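Enquirer: I would like to see how this sequence folds:
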Amino acid sequence: MTLPNFLVIGAGKAGTTSVYRYLKQHPQVFMSPIKETNFFAYTCAGWDDRELNRLGWSARFPVRTLEAYETLFEPVRDEKAVGEISPRYLSVGRPAAECIRRHLPGVRLIAILRNPIERAYSSYLFHTRDGRERRTFERAIGEERAGVQPEKMDFGQLHYVGLGRYCELLEPYFDLFPREQIQVHLFADLQRDPAALMRKHLPLPGDRRGVRPRFEPALQRLGDPEERPSPAAIAGPTDHVSRATHAAEPPPGRGGRAHRVPAHAWAREAGDANRDTA
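Expert: The predicted model follows:
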């Protein structure tokens with residue numbers, strides 16, 4: 001039985017679809033045929049199928065049993081790296097982290113983080129284009145801050161700000177996994193030179209068992225201009241997004257100082273750790 005030896009756990013709207021496409025091109029990498037299986041977010045998060053149907057989220061969890069998850073990786077032959085990408089693992093937090101540790105204790109975990117304001121606005125535009133989001137950005141953020149949760153909205157619509165609080169979201173992973181198993185990268189680096197980032201860090205799991213480092217994926221543009229918020233579009237409504245994400249200081253955890261610094265500085269510190277353990 002073959003299961004993944006690396007997972008890209010997020011963040012949503014931070015280039016994970018492009019990374020999935022890049023990795024699928026590598027002859028020594030096997031990627032799940034389904035991007036966003038969300039298996040570990042479903043199986044240990046206590047979801048009830050009836051509740052998922054009521055919320056309209058049922059389609060977000062296409063793989064719901066261990067047997068179905070294992071089937072995805074049956075075609076693996078001699079690939080050195082085996083993985084999947086599900087940004088919901090980061091957004092669900094501790095339940096997903098605990099489930100991953102139970103089934104894949106030695107897995108390499110990879111997170112790609114985007115400027116929280118840009119991530120929130122990109123997510124808003126995504127849901128707007130899909131026809132699911134009819135509120136103004138300001139109203140959506142205001143309702144989230146007030147704890148208002150309208151019916152029949154996607155999880156991402158309810159947490160434009162919350163899904164950018166990376167320090168809180170990553171904390172359970174650093175609590176449960178050795179630091180050397182976790183990589184944290186920045187979307188800006190992926191956007192600036194995706195090939196360089198792929199060669200240096202992705203998708204090499206653990207001891208880098210023979211995956212050819214000179215991989216050159218066929219690249220596409222990341223972060224189209226319409227997904228980048230203009231100053232006029234985000235002035236005012238996102239002032240509190242900046243305060244909430246750049247100054248988020250969750251309670252100290254077993255990981256020590258990294259859990260007590262602002263999210264953006266924490267990301268830089270985690271990046272330094274990547275270089276130390278590479």
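Enquirer: residue ranges of the strands in this structure, please?
Expert: Under the criterion DSSP state E, the chain contains strands at 6-10, 29-31, 81-85, 108-113, 182-186.
Enquirer: Put together TSV for those, with distance to residue 23 on each row.
Expert: Quick note: C-beta positions are derived from backbone N, CA and C, even for glycine. Formatted as TSV, the strands of the chain follow (distance: least, Cβ to Cβ, whole Å):
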stretch	distance to residue 23
strand 6-10	8
strand 29-31	5
strand 81-85	7
strand 108-113	10
strand 182-186	14
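Enquirer: which residues of this structure score low on pLDDT?
Expert: 43-60, 62, 201-278 (pLDDT under 70).
Enquirer: got a markdown table for the strands of the chain, with mean neighbour count too?
Expert: Formatted as a markdown table, those follow (neighbours: other Cβ atoms under 10 Å):
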| stretch | mean neighbour count |
| --- | --- |
| strand 6-10 | 27 |
| strand 29-31 | 24 |
| strand 81-85 | 24 |
| strand 108-113 | 25 |
| strand 182-186 | 22 |
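Enquirer: Out of those strands, the one nearest residue 96 is which?
Expert: The stretch from these with the least distance to residue 96 (Cβ to Cβ) is strand 6-10; that distance is 7.7 Å.
Enquirer: For the closest one, C-alpha coordinates in CSV please.
Expert: Backbone C-alpha positions of strand 6-10 (Å, rounded to 0.1, in the frame of the first residue of the first chain) are rendered in CSV as follows:
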residue,chain,number,x,y,z
PHE,A,6,4.4,14.8,1.0
LEU,A,7,1.3,17.0,1.3
VAL,A,8,0.8,20.7,0.3
ILE,A,9,-1.6,21.9,3.0
GLY,A,10,-2.3,25.4,1.8
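Enquirer: residues in contact with that strand?
Expert: Under the criterion Cβ atoms under 8 Å, 6 or more residues apart in numbering, residues 16, 19-20, 81-91, 96, 100, 104, 107-112, 169, 173, 203-205 lie in contact with strand 6-10.
Enquirer: Go again with 6 Å.
Expert: Among residues not part of strand 6-10, those counted as contacts by Cβ atoms under 6 Å, 6 or more residues apart in numbering are 16, 81, 83, 85, 87, 89-90, 107-111, 203, 205.
Enquirer: Parallel or antiparallel, list what pairs with that strand.
Expert: The strands that strand 6-10 pairs with in its sheet are strand 81-85 (parallel), strand 108-113 (parallel) (by DSSP bridges).
Enquirer: Just put these in CSV and tack on distance to residue 7.
Expert: Shown next, in CSV, are the strands paired with strand 6-10 (distance: least, Cβ to Cβ, whole Å):
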stretch, distance to residue 7
strand 81-85, 6
strand 108-113, 6
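Enquirer: nearest to residue 151, of these?
Expert: Shortest distance between residue 151 and the strands paired with strand 6-10, using Cβ to Cβ, is found for strand 81-85: 29.0 Å.
Enquirer: which residues are in contact with the closest one?
Expert: Counting by Cβ under 6 Å, 6+ apart, strand 81-85 makes contact with 4-6, 8, 16, 20, 29-32, 35, 37, 76, 203, 205, 211, all of which sit outside it.
Enquirer: run the last query once more with 8 Å
Expert: Contacts made with strand 81-85 from outside it, assessed by Cβ under 8 Å, 6+ apart, are listed as 2-8, 16, 19-20, 23, 26, 28-32, 34-37, 72-73, 76, 203-205, 209, 211.
Enquirer: Would you mind checking those for buried ones?
Expert: Burial by neighbour count, 16 or more other Cβ atoms under 10 Å: within these this picks out 3-8, 16, 19-20, 23, 26, 29-32, 34-37, 72-73, 203-205, 211.
Enquirer: Can you tell me which of these end up in helices?
Expert: The helices, defined by DSSP state H, take in 16, 19-20, 23, 72 from these.
Enquirer: Among those residues, which one sits closest to residue 190?
Expert: Using Cβ to Cβ, residue 19 comes nearest to residue 190 of these, at 7.3 Å.
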